[in-house]
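Q: output the structure for:
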Amino acid sequence: MGIQARVECTSLSNGQLCVSLNTSPSRVEVFYTKTGGSTISAQLGYRTTTAGTTTYGPTKTISLNERANSTWNEVGR
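A: Here you go, the predicted structure:
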């Protein structure tokens with residue numbers, strides 16, 4: 001019983017956005033790494049495919065070459 005994670009990433013014009021789905025324990029992590037442009041304020045989040053609901057974390061200020069993340073535990077329980 002180890003961590004079972006699936007990570008999906010996509011490149012954006014000024015960074016990379018990744019979502020990690022963990023099944024043991026149940027957890028969603030969203031990461032954004034800023035590789036260009038000026039400082040932004042953003043809310044990281046995820047959308048469920050079954051219920052169609054969107055969950056957001058707190059607003060984060062992200063500067064060039066910084067990585068921001070938000071984590072949700074016990075997802076789907």
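Q: what's near enough to touch the residue nearest the centre of the chain?
A: Centroid check for the chain by C-alpha atoms, centre = their mean gives V30 as the closest residue, at 1.0 Å. When contacts are counted by C-beta atoms under 8 Å, 6 or more residues apart in numbering, V30 touches L17, C18, V19, S20, L44, G45, Y46, G57, N69, S70, T71. For every residue, glycine as well, the C-beta is placed using N, CA and C.
Q: can you rerun that using 7 Å?
A: V19, L44, G45, Y46, N69, S70 (C-beta atoms under 7 Å, 6 or more residues apart in numbering).
Q: with adjacent residues omitted, what lies nearest to the fifth one?
A: I take that to be N69. Leaving aside its sequence neighbours, N69 sits nearest to F31 (C-beta to C-beta, 6 or more residues apart in numbering; 4.6 Å).
Q: next up, the contacts around that neighbour.
A: C18, R67, N69.
Q: any chance of the contacts of V30 in TSV, with secondary structure, distance to C9 and neighbour count too?
A: Shown next, in TSV, are those (DSSP: H, G, I helix; E, B strand; the rest coil; distance: C-beta to C-beta, whole Å; neighbours: other C-beta atoms under 10 Å):
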residue	secondary structure	distance to C9	neighbour count
V19	strand	8	16
L44	strand	13	21
G45	strand	16	14
Y46	strand	14	17
N69	strand	13	14
S70	strand	15	19
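Q: tell me where the protein has strands.
A: 5-12, 15-23, 26-34, 40-47, 54-62, 67-73 (DSSP state E).
Q: just name the most buried of those.
A: Ranked by mean neighbour count, the strands of the chain are led by strand 26-34 with a mean of 18 (mean count of other C-beta atoms under 10 Å).
Q: rounded mean pLDDT for it, please.
A: The pLDDT scores in strand 26-34 average 95.
Q: and that strand, which strands flank it?
A: strand 15-23 (antiparallel), strand 67-73 (antiparallel) (DSSP bridges).
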